[in-house]
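Novice: give me a model of this one.
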Amino acid sequence: MKKQITQISVHQSSKLLGVLHFLLSSLICMPVAILAFLLTRKLEYLSIVLVPFAYWVVTYVAGALFAWAYNVAAKNFGGLEYNTQEVDID
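Specialist: Next up is the predicted model:
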């Protein structure tokens, strides 16, 4: 059975992508910032903590632009198609 994605929610998809990038970058940036500060005692290394927030904002905007562009293209040319199949779970 073929199905087609005809619209992507701009705010919801952007919010999800932003949060995912924030969490993933936090896993790297926070420990690196803390370690760099503890080793050097220089406060500028704590600015690395701000990187996940920048990723969040940039990814939200990029995700919103992508979702908007997808919706325009899907309206004019049709959305992505994918096949689904019923499966029995034993």
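
Novice: for K3, phi and psi?
Specialist: As for K3, its main-chain torsions (degrees, to the nearest 10) stand at phi -130, psi 160.

Novice: contacting residues around it?
Specialist: If you count contacts by Cβ atoms under 8 Å, 6 or more residues apart in numbering, K3 has them with E81, Y82, N83, T84. Any C-beta I mention is one placed from the backbone N, CA and C, and that applies to glycine too.

Novice: from Y70, how far off is it?
Specialist: Separation of K3 from Y70 (Cβ to Cβ, to the nearest Å) stands at 16 Å.

Novice: what helices and strands are in contact with the helix ranked longest in the chain?
Specialist: If you go by DSSP state H, the chain has its longest helix at helix 10-40. Secondary-structure packing of helix 10-40 (3 or more Cβ pairs under 8 Å, 6 or more residues apart in numbering; DSSP states H and E): helix 51-77.

Novice: okay, the angle between the helix it packs on and helix 10-40?
Specialist: With axes from the mean of the first three to the mean of the last three Cα atoms, to 10 degrees defining the directions, helix 51-77 sits at 160 degrees from helix 10-40.

Novice: how about helix 51-77: buried residues?
Specialist: V51, P52, Y55, W56, T59, Y60, G63, A64, A67, Y70, N71, A74 (16 or more other Cβ atoms under 10 Å).

Novice: next, give me the two most distant ones among the residues you listed.
Specialist: Maximum pairwise distance among the buried residues of helix 51-77 (Cβ to Cβ): 33.2 Å, between V51 and A74.
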